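Enquirer: Based on what follows, work out the 3D shape:
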Amino acid sequence: MLKLSVLSGPDSGKTQVFHARRVSIGKDSRNDFRLRDEEVSRFHGVFEQTEGNALRYRDLNSAAGSVLRLGERSQHIRGSSLNLETAAGEGFQLRLGQSLVLLELLTGEAERSTHQPIRPIEAIRQRSQSLATPTPISLTPLASMQPTPAQGTPSRADVVSAQMASFAPAPASRSAEEPAFNIVRRVSKDSAAPTFAAEQLRVLFRVSRELNALNSMDEILQRVAAATFELFPNANFFAIVVHDEELSQFVPIYSQVRAGTNPNEHILSQSLLTQVVEQREAVLYVRGSREAMNPRRSIVMAQISASMATPLFGQRKLMGVMQVDVRGNAGGFHNDDIELFTVMGASTAFAMERAELSENVFQTFEAFVNASVAAIDARDPATAGHSQRVAELTQRLALAVCRCEDGPYAAFSMRDAELVELRYAALLHDFGKIGVRESVLQKASRLAPSSMLVLLQRIETAFQQAMSAPLERSWQSLKSEQRAPTSQDHQVVERERAELRRSFAAYRELVQRLQGPTRLTPADVLLLQEMRSCRFEQHGLLVELLSAQELEELSISHGTLSAEERAHVESHAALSREYLSRIPWSKELERIPLLAGQHHEKLDGSGYPDGLGADAIIPQVRMLTICDIFDALTSTDRPYRRAFDAEQALDVLRFEAQGGKLDADLLELFARDVVSRLEPARRG
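Expert: Residues are numbered from 1 along each chain as shown. Model (predicted):
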C-alpha cells in the first residue's frame with residue numbers, strides 16, 4: 001500500500017493512500033494522484049509494485065524529468081525507470097517541478113486501518129509488451145446463477161443474480177481482420193438508417209485523417225475517445241486496455257467518460273475482453289437479447305447494458321483492446337455500430353503503433369543525448385552534472401517567462417516543441433568540448449603538475465650551485481692572496497649565502513602559490529622577471545632558471561589558462577554548433593545547433609564565437625546564457641576558485657546585466673521565479 005504526501009508546492013499538505021499496485025502522478029485529472037503544479041507534466045510518472053512488493057518509479061518522458069531522493073542520495077531520471085529499494089515505514093522524496101512529494105510504503109497494519117477506494121488506472125503512456133503475441137487465457141465457467149424465490153424484500157445477491165440471468169450477447173461479432181473498406185461499403189449500403197450512417201461515416205473519415213497527422217499517443221487516444229462518443233451518442237464509457245501479466249487481468253492505459261455522466265468506470269468486463277483477444281474478433285453484447293449467457297459478475301456490477309470491444313491489431317503486434325460501453329439505462333448499440341467500431345479500431349491501432357515507433361525513435365535519441373552528456377562529464381570531472389543542471393534551470397526559466405503577465409515578455413510564449421528544443425540545446429551546449437584537448441580542459445593550475453615538478457627541481461639545482469659559489473669565490477680570493485681566512489671572511493660568505501636562501505625560498509613559495517586560485521600582484525610580476533633573468537650552469541651548459549613558456553603561464557593574471565589555452569577552450573562554442581549541425585534534426589529541433597553555439601554570446605557584442613549583438617540573440621539563447629553562468633558560479637568548488645552562493649552569483653549576473661551583457665528583465669524573472677524556489681542546498 002502506497003501513501004503519497006505533498007511536502008511543498010501548490011498542493012502542499014495533500015495526502016492520499018493507494019491500495020493499487022500502480023499509481024500514476026501528474027497534472028492531468030485522469031492521474032491517480034493529481035498535482036496542480038504548472039511545471040509538472042500532464043502525465044509525469046508512475047509508481048509500480050513489482051514482485052515481492054518491491055517498488056519501481058517510471059518517469060513518463062516528462063518535460064523536466066524527476067528527481068528521486070533517499071537520505072543523502074538523489075538521482076535525476078527522465079524517460080526511464082528506477083528501482084526503489086525500501087522497506088515498509090521508509091520513504092522516498094520525489095521532486096516534480098516545484099512540488100516535493102513523499103512516498104511511503106505502509107505496513108500491513110496501516111493497510112488494514114485504511115479504507116480508501118482506488119481508481120486502478122495507469123497513466124496514458126504506460127504500455128504493455130505482453131500483447132505482442134496474444135496468449136489464450138483459460139476462462140473458468142461461472143456456475144449458473146438463477147434467481148432464488150424469496151419472500152419480502154429481495155436480497156442484494158438475489159437482485160444481482162436476476163440481472164445476470166437477463167444479460168445475454170447479441171448475435172453480433174465481426175472479425176477484426178476483415179478489410180475496413182468492405183465494412184464501410186456494406187454499412188453505407190445496408191444501413192437501416194442511411195442518413196445517420198452517412199453522418200457516422202463522415203465522422204469516421206474525418207478522425208482517420210486526423211489520426212494520420214498525429215504522433216503523440218496522448219493526442220491519439222484523446223481524439224479517438226472524442227470521436228467514439230460522437231459516433232455513438234448512447235455510449236458513456238470508453239477505454240483502451242492491455243493485459244497485465246503480473247495482475248493476470250486487463251488494465252486500462254486510457255479511459256474516459258462522457259461529460260455530464262457518471263458511469264461506474266472502475267469495473268471492466270474481463271470475460272468480454274478475454275473473448276475478444278482469444279477469438280481475435282470484435283464483439284457486441286446487449287443485455288436482454290434472446291440468447292442466454294452466464295456473464296461475469298463485473299458486467300452486472302458495472303451496470304453495463306451494452307458493450308462493444310474490438311482488438312487493436314497493428315502491423316507487428318496486438319496493441320490492446322478498445323472498448324465502449326453504455327452503462328446504466330442510456331440505450332444500446334445495433335449491428336451497424338460494431339461494423340463502424342471495427343473500422344475505428346483499425347485506424348486507432350495503426351495510429352498507436354506509429355506513435356509507439358515514434359516514441360522508440362525518441363527514446364533512442366534521448367539515449368544518444370544522455371550518452372553525449374555523460375561523455376562530456378567524463379572528460380571534465382570538475383564540471384560533471386553541469387549540463388543536466390543547466391537544462392533544468394533553463395526549462396524552469398522558460399516556463400516562468402511563458403507565465404509572465406507583465407513587462408517586455410508578457411506576450412512571449414513557447415510551444416511544447418520549442419521547450420523540447422531548448423532543453424536539448426541546454427543539454428548539448430558544451431558538446432563541442434569533446435574537441436578540446438584534455439590537458440587544457442582539465443588544467444587545474446597555471447603549470448601542469450609535471451612541469452611544476454621539473455621547475456622545482458631546476459630551482460633546487462640552481463640553489464645548490466648558487467650556495468657553493470660564495471665559498472668558491474672566497475677560496476680563490478684567499479688562495480690568490482696567500483692568507484688564512486678570518487672571521488670577517490666567514491661573515492661575508494654567510495651573508496651572501498643567507499641572501500641566496502631568502503631569494504630561492506621566495507622563488508619556491510611564489511611558484512607553489514601561483515599554482516592555486518590566486519591573483520597575480522605587481523610584486524609577483526617583479527619576482528618572476530627576476531627569476532627569468534637567472535642563469536646557472538648544468539652539464540657545461542648555461543640554463544635559464546625560468547623559461548619563456550613558464551613565465552607566460554605563471555604570469556596569468558587570474559584563472560589557470562594562458563591566452564592561447566583560453567582561446568582553445570572558447571572554441572568549444574563554435575565546435576558545438578559545427579558538430580551538432582551535422583545531425584539531421586527534424587524541423588521541430590532544427591535550431592539546436594544555433595542555440596547551443598551561441599550560449600557565450602553577450603548583448604553588447606563582447607561574447608564569442610561570433611561577437612553577436614542584442615538584435616541577433618533570441619530570448620532562448622539569453623535564457624540559456626544566464627542559467628549557464630549561474631550554475632558555473634554556484635556549482636562545487638573549482639580548482640581555480642571557490643563556489644559562490646546563489647546571492648553572490650546573482651550579484652555577478654546583475655553586474656553583467658548593468659554592463660549591457662545580459663538581459664536584465666530575464667535575469668530578474670530568473671531570480672524571482674527560479675532561484676527563489678531552489679532547494680536550500682542548491683541556493684547556498
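Enquirer: Identify, by residue count, the longest helix of the chain.
Expert: Identified as the longest helix of the chain according to DSSP state H is helix 335-379.
Enquirer: in the stretch 501-650 of the chain, which spans are helices?
Expert: 522-533, 548-554, 563-581, 592-597, 619-634, 646-658 (DSSP state H, counting those that start in this stretch).
Enquirer: can you tell which of those is closest to residue 204?
Expert: helix 592-597 (39.1 Å; C-beta to C-beta). C-beta coordinates here come from the backbone N, C-alpha and C atoms, glycine included.
Enquirer: Tell me how far the closest one lies from the chain's centre.
Expert: For helix 592-597, the distance from its own C-alpha centre to the chain's C-alpha centre is 20 Å (C-alpha atoms, centre = their mean, to the nearest Å).
Enquirer: For that helix, give me every contacting residue.
Expert: 421-422, 424-426, 428-429, 431-432, 573-574, 576-578, 580-581, 583, 585, 609, 620-621, 624 (C-beta atoms under 8 Å, 6 or more residues apart in numbering).
Enquirer: ok, back up a step: nearest to residue 271, of the helices of the stretch 501-650 of the chain?
Expert: Of all those, helix 592-597 comes closest under C-beta to C-beta, at 50.8 Å.
Enquirer: what number of residues lie near residue 233?
Expert: When neighbours are counted by other C-beta atoms under 10 Å, residue 233 registers 12.
Enquirer: rewinding a little: from the contacts of helix 592-597, which would you call buried?
Expert: When the contacts of helix 592-597 are checked for burial by 16 or more other C-beta atoms under 10 Å, the buried set is 421-422, 424-426, 428-429, 431-432, 573-574, 576-578, 580, 609, 620-621, 624.
Enquirer: In a markdown table: the helices of the stretch 501-650 of the chain, plus mean pLDDT and distance to residue 466.
Expert: Below are the helices of the stretch 501-650 of the chain laid out as a markdown table (pLDDT from 0 to 100; distance: least, C-beta to C-beta, whole Å):
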| stretch | mean pLDDT | distance to residue 466 |
| --- | --- | --- |
| helix 522-533 | 93 | 12 |
| helix 548-554 | 91 | 19 |
| helix 563-581 | 92 | 33 |
| helix 592-597 | 96 | 53 |
| helix 619-634 | 95 | 44 |
| helix 646-658 | 95 | 45 |
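Enquirer: CSV for these, including distance to residue 454?
Expert: What follows is the helices of the stretch 501-650 of the chain, written out as CSV (distance: least, C-beta to C-beta, whole Å):
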stretch, distance to residue 454
helix 522-533, 14
helix 548-554, 9
helix 563-581, 19
helix 592-597, 38
helix 619-634, 32
helix 646-658, 37
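Enquirer: Tell me which of the ones you listed sits nearest to residue 389.
Expert: Nearest to residue 389, of the helices of the stretch 501-650 of the chain and by C-beta to C-beta, is helix 619-634 at 4.9 Å.
Enquirer: The residue lying closest to residue 555 once chain neighbours are set aside and residue 661, how far apart?
Expert: Leaving out its chain neighbours, the residue that sits closest to residue 555 by C-beta to C-beta, 6 or more residues apart in numbering is residue 528, at 6.1 Å. Residue 528 sits 32 Å away from residue 661, taking C-beta to C-beta, to the nearest Å as the criterion.
Enquirer: go on, residue 419?
Expert: Separation of residue 419 from residue 661 (C-beta to C-beta): 25 Å.
Enquirer: Kindly report the same for residue 270.
Expert: From residue 270 to residue 661 the distance is 65 Å (C-beta to C-beta).
Enquirer: ditto for residue 29
Expert: 45 Å.
Enquirer: out of the two, which sits in the more crowded spot?
Expert: Neighbour count, other C-beta under 10 Å: between residue 29 and residue 661, residue 661 has more, with 20 against 7.
Enquirer: Next, give phi and psi for that one.
Expert: Backbone torsions of residue 661, given as degrees, to the nearest 10, read phi -90, psi -30.
Enquirer: How about residue 23?
Expert: phi -140, psi 120.
Enquirer: Local confidence estimate at it?
Expert: If you check residue 23, the pLDDT there is 88.
Enquirer: repeat for residue 215
Expert: Residue 215 is given a pLDDT of 83.
Enquirer: same check, this time on residue 32
Expert: Taking residue 32 on its own, its pLDDT is 85.
Enquirer: measure it to residue 44 for me?
Expert: For residue 32 relative to residue 44 (C-beta to C-beta), the value is 12 Å.
Enquirer: joint contacts of these two?
Expert: With C-beta under 8 Å, 6+ apart, residue 32 and residue 44 have common neighbours residue 25.
Enquirer: So between these two, which is more surrounded?
Expert: residue 44 (30 against 22).
Enquirer: Just to check, the more buried one is in contact with residue 25?
Expert: Yes. In this structure, residue 44 is within contact of residue 25 by C-beta atoms under 8 Å, at 5.6 Å.
Enquirer: From the geometric centre of this protein, which residue sits farthest away?
Expert: Distance from the C-alpha centroid of the chain, by C-alpha atoms, centre = their mean, peaks at residue 482 (88.0 Å).
Enquirer: Name the residues that touch stretch 653-668?
Expert: Counting by C-beta under 8 Å, 6+ apart, 397, 401, 407-409, 602-604, 606-607, 619, 622-623, 625-626, 629-630, 650 sit against stretch 653-668.
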